[in-house]
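Visitor: Build the 3D model from these lines:
(2 chains)
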Number of protein chains: 2
Amino acid sequence: MLAEIITIGDELLIGQVIDTNSAWMAEQLNRIGIKVHQITSISDNQDHILRTLHEASGRARLILITGGLGPTKDDITKQTLCKYFETSLIFSEEAYKNVGKLFSARGVAVTEINRLQAMVPANCKVIPNSNGTAPCMWFEKEGVVYVSMPGVPFEMKGIMEEEIIPRLLGSQEKVIIHRTILTEGAGESFLATLIEPWEDSLPPFIKLAYLPQPGMVRLRLTAYGTDRDALQLAVNKAEKELHTYAGKYIFGFDDDTMESLVGRLLREKGKTLSTAESCTGGNIAQLITSIAGSSDYFKGSIVAYSNEIKENFLDVPHQILVDCGAVSEQTVLAMAGGIKQRFGTDYAIAVSGIAGPGGGTAEKPVGTTWIAIATPAGTIARKFLLGDHRGRNIRKASVAALNMLRRNLMEEI
Amino acid sequence: MLAEIITIGDELLIGQVIDTNSAWMAEQLNRIGIKVHQITSISDNQDHILRTLHEASGRARLILITGGLGPTKDDITKQTLCKYFETSLIFSEEAYKNVGKLFSARGVAVTEINRLQAMVPANCKVIPNSNGTAPCMWFEKEGVVYVSMPGVPFEMKGIMEEEIIPRLLGSQEKVIIHRTILTEGAGESFLATLIEPWEDSLPPFIKLAYLPQPGMVRLRLTAYGTDRDALQLAVNKAEKELHTYAGKYIFGFDDDTMESLVGRLLREKGKTLSTAESCTGGNIAQLITSIAGSSDYFKGSIVAYSNEIKENFLDVPHQILVDCGAVSEQTVLAMAGGIKQRFGTDYAIAVSGIAGPGGGTAEKPVGTTWIAIATPAGTIARKFLLGDHRGRNIRKASVAALNMLRRNLMEEI
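Guide: Got it, this is the predicted structure:
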């Protein structure tokens, strides 16, 4: 089954809001074998919505629509759906009960505007929305299913998981299998040359895509067919063969991240970690603790955003800060040793750098970053020359630091 | 001038990558008065790309294309552009020089595959890409401009800022002005009822949209016309009038965030801040330090992910942890006092909660979060009942904590 996604909202077209809904919905649909053919973002304009619905209905049998359904006046989606399905709005007792239930749980009174939310096109089926007041509407017309959902990601996700995916399941014939292989240490073009013979040997129903990201290149295999077992076997075989060409660069699979891999290794070894962060400002700790259960191996962090904190709480000698500066090999080595000692952990990460845009000098330009890893066997440090974008420098330094620790835990260095 | 954005890549349609390029490009175009009419994401498929280009050219005079331009084999965009513009690929000395320059700066050898990157459609103008090897191509056909850029955000942004925006400037007639007003403390439907008379009084060329986010509702005014000064005056007037209806809920404008507002207030007052974080795991420190220059007022943080760290480094009495638990009013009050005292700051934030998915009890379910603010005048704490999604709980707790401090700095409590 082919699907299309239509996201409605002026905020998408002026760039105020990034459309994260489409990627999430596409992933859910793919998992149950429904392929997304096109994603279209359009404004809150009746003619534009009507034309886009019409065009999409010629290409797909499932059309998911998000946005344009709120308690407020920027909502024209329902009127447009009425026009498209040649019907009019009626009051839905079911939708109104849902509003009442949600508001009483929050201890808030229902306003007249919420009553308007319970008005829905007469020929739709109202689908429960357990996280919000806007109703979800399911239409069928000439063999095409249309589902209109609110654009608030949290509400849309609840509706998709609880109601839409279960309804779509069971009628699928086509199967899609994805496998993503994460590599680090080789650039995209170097890797492409290296694995060219392997790529040429892939069967026609397996597609390869390169997805570069800061610090890594992800290779995605997509197999498309009807026999799940046969596809899975072919993908497993291709993955195994890839190892003979590029095994040394492979570090993870699918949804793996540096922080999840580091967490897994620490858990397996029964070891603990702490971090001492200057330029990354807590971002490494935040990545590590984004993983559920990380308190089993992560004890904590000191974000030392001033020299005084580095001296008094990480035991960096005053003279090192004076002689070598806060961004230096000596400082990060002392920071890593200091936090490991103080927090009593087996491993520690320390980072100090110039994230920018200010603070650079001729000798130490913006992007200069020192990273140290303290281990039971000793402490190592490495210098990185990142770029001149603050946010990107923070992200790159965080990934590089986690990768240094990961390599160490893998006993690769 | 109307524009459309086409983003190409299977990774977008299977949900592996979120299309952040479109929002960024749309924002840049809006700033120079170019309105984006539609954003379309499609797969790496020649027929689909050709049809989408054809359709877009009937609606817009500027078409920005990203994706499908890498050193590797998943690249079919250039061949498709040749077909669309009825031409063939030729070798571009200019594009090849750019590849050589970039690689020598990185100390990497040019591979045969990079030579292929210098092949471009004969009738395009090659636009420099200072951040990558894929060429940017500018085409003109029947009054429509087409710009094809690589999909790597960093490369696309460099090209847009350095080359495309300057070329598009100067020929604009239409003007778009946006003003976003940030509110907190009132739900969307309550706010809508409150400001309805104001909304009804808006002139027809000013549009209002509601953009709810965790912890806040953003109201966006968009004015569209030809006279910039007249539009600006009308928007200023509307904003001023909004204050009489909802002034007490307004806390910021446009790109303001809780962290930028807190930073501005601390800077103005010449005061310093530290944080003690448990469940937020460094996310508050990371938000604060995402602001350039934050080292002027932020001294650092202790992420205390274990009770032992709370006791030994934040001076939370052992008995409090035993009697009240780590997620309690007494614990966050002690944490806030401890970090303020130890780091010698004027203000401090402390957070302890159950982010989930594990760790909840009947008495303290997942989402239970205590936040404390230490100020020169004393320490206050407040309990929040957030949801059951780990990532969302961390974000909500971070915004709530920054907002508590912001209110305090504004002397509203």
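
Visitor: Number of residues surrounding residue A:135?
Guide: Close neighbours of residue A:135, defined as other C-beta atoms under 10 Å in any protein chain shown, add up to 26. In short, each C-beta sits where N, CA and C put it, glycine included.

Visitor: Over to residue A:378?
Guide: 8.

Visitor: Show me what it bridges to in the sheet.
Guide: Residue A:378 has these beta-bridge partners by DSSP bridges: residue A:375.

Visitor: and if you look at residue A:148?
Guide: Under DSSP bridges, the beta-bridge partners of residue A:148 are residue A:65, residue A:137.

Visitor: who touches it in this structure?
Guide: Shown in contact with residue A:148 (C-beta atoms under 8 Å, 6 or more residues apart in numbering or on different chains): A:65, A:66, A:69, A:77, A:81, A:124, A:136, A:137, A:139.

Visitor: got the contact list for the second one?
Guide: Neighbouring residues of residue A:66 by C-beta under 8 Å, 6+ apart: A:5, A:6, A:7, A:8, A:21, A:25, A:148, A:149, A:150, A:151, A:156.

Visitor: I figured the fifth one was touching residue A:156, is that so?
Guide: Yes. Using C-beta atoms under 8 Å, residue A:21 is in contact with residue A:156, at 5.6 Å.

Visitor: Following the record's annotation, map out the domains of chain A.
Guide: Annotated domains of chain A cover A:2-168, A:175-253, A:267-409 [automatic domain parsing].

Visitor: What residue in chain A is the furthest from its centre?
Guide: Within chain A, the residue lying farthest from the chain centre (C-alpha atoms, centre = their mean) is residue A:319, at 42.7 Å.

Visitor: which element is that one on?
Guide: Element membership for residue A:319 (DSSP states H and E) is helix A:318-324.

Visitor: So which elements touch whichever helix or strand comes after that helix?
Guide: Next helix or strand after helix A:318-324 toward the C-terminus (DSSP H and E): helix A:329-343. In terms of contacts (3 or more C-beta pairs under 8 Å, 6 or more residues apart in numbering or on different chains; DSSP states H and E), helix A:329-343 is packed against strand A:273-277, strand A:298-304, helix A:307-314, helix A:318-324, strand A:347-353, strand A:368-375, strand A:378-385, helix B:307-314.

Visitor: give me the number of residues near the nearest residue to residue A:144 once chain neighbours are set aside?
Guide: Nearest non-adjacent residue to residue A:144, counting by C-beta to C-beta, 6 or more residues apart in numbering or on different chains: residue A:57, 5.0 Å away. A count of nearby residues for residue A:57, using other C-beta under 10 Å, gives 17.

Visitor: mind listing what the closest residue to residue A:267 other than its chain neighbours touches?
Guide: Among residues not flanking residue A:267 along the chain, residue A:297 sits closest, at 5.7 Å (C-beta to C-beta, 6+ apart). The neighbourhood of residue A:297, defined by C-beta under 8 Å, 6+ apart, consists of A:263, A:266, A:267, A:271, A:272, A:273.

Visitor: picking that back up, just say which of the domains of chain A is most tucked in.
Guide: When the domains of chain A are scored by mean count of other C-beta atoms under 10 Å in any protein chain shown, the highest mean neighbour count falls to domain A:267-409 (a mean of 21).

Visitor: Give me the distance between the two termini of it.
Guide: By C-alpha to C-alpha, to the nearest Å, the extent of domain A:267-409 from end to end equals 11 Å.

Visitor: cool, stretch A:84-91 as well?
Guide: Using C-alpha to C-alpha, one end of stretch A:84-91 lies 19 Å from the other.

Visitor: before we move on, what about stretch A:129-145?
Guide: 18 Å.

Visitor: Run the chain-centre distance for that stretch.
Guide: Relative to its chain's centre, stretch A:129-145 lies at 26 Å (C-alpha atoms, centre = their mean, to the nearest Å).

Visitor: Could you pull up the mean pLDDT of it?
Guide: Mean pLDDT, stretch A:129-145: 91.

Visitor: Also stretch A:77-96?
Guide: Predicted confidence along stretch A:77-96 averages 92 (mean pLDDT).

Visitor: ok, and does it reach over to chain B?
Guide: No. Contact of stretch A:77-96 with chain B (C-beta under 8 Å from any C-beta of the partner chain) is absent, the minimum separation being 13.0 Å.

Visitor: got a list of contacts for that stretch?
Guide: So stretch A:77-96 is in contact with A:8, A:44, A:46, A:49-50, A:53-54, A:65, A:67-69, A:115, A:117-124, A:126, A:128, A:135, A:137, A:139, A:141, A:146, A:148, going by C-beta under 8 Å, 6+ apart.

Visitor: ok, now with 6 Å
Guide: Where contact means C-beta atoms under 6 Å, 6 or more residues apart in numbering or on different chains, the residues beyond stretch A:77-96 that reach it are A:8, A:46, A:49-50, A:53, A:68-69, A:118-123, A:126, A:135, A:139.

Visitor: got the end-to-end distance for it?
Guide: One end of stretch A:77-96 to the other measures 18 Å (C-alpha to C-alpha).

Visitor: before we move on, what about stretch A:301-316?
Guide: End-to-end span of stretch A:301-316 (C-alpha to C-alpha): 15 Å.

Visitor: Could you list the low-pLDDT ranges of the stretch 251-400 of chain A?
Guide: By pLDDT under 70, the stretch 251-400 of chain A contains no weakly predicted segment.

Visitor: Return the residues of it in contact with chain B.
Guide: Proximity of the stretch 251-400 of chain A to chain B is confined to A:281-283, A:285-286, A:289, A:292, A:295, A:298-306, A:309, A:357, A:390 under the rule C-beta under 6 Å from any C-beta of the partner chain.

Visitor: now residue A:205, nearest residue through space, not along the chain?
Guide: Per C-beta to C-beta, 6+ apart, closest to residue A:205 is residue A:225, 5.4 Å.

Visitor: From what I see, the one you found and residue A:231 are in contact.
Guide: Yes. Taking contact to mean C-beta atoms under 6 Å, the distance of 5.2 Å between residue A:225 and residue A:231 places them in contact.

Visitor: Could you check how far residue A:246 is from residue A:185?
Guide: 10 Å (C-beta to C-beta, to the nearest Å).

Visitor: let me fix that: residue A:286
Guide: On the measure of C-beta to C-beta, residue A:286 and residue A:185 end up 25 Å apart.

Visitor: How about residue A:265?
Guide: Distance of residue A:265 to residue A:185, computed by C-beta to C-beta: 17 Å.

Visitor: Repeat that for residue A:112.
Guide: For residue A:112, the distance to residue A:185 (C-beta to C-beta) stands at 61 Å.

Visitor: same check, this time on residue A:76
Guide: Distance, residue A:76 to residue A:185, using C-beta to C-beta: 51 Å.

Visitor: go on, residue A:192?
Guide: As judged by C-beta to C-beta, residue A:192 and residue A:185 stand 15 Å apart.

Visitor: tell me which strands and helices the helix or strand containing residue A:234 is in contact with?
Guide: Applying DSSP H and E as the criterion places residue A:234 in helix A:228-246. Applying 3 or more C-beta pairs under 6 Å, 6 or more residues apart in numbering or on different chains; DSSP states H and E, one finds that helix A:228-246 makes contact with strand A:175-183, helix A:196-200, strand A:216-225.
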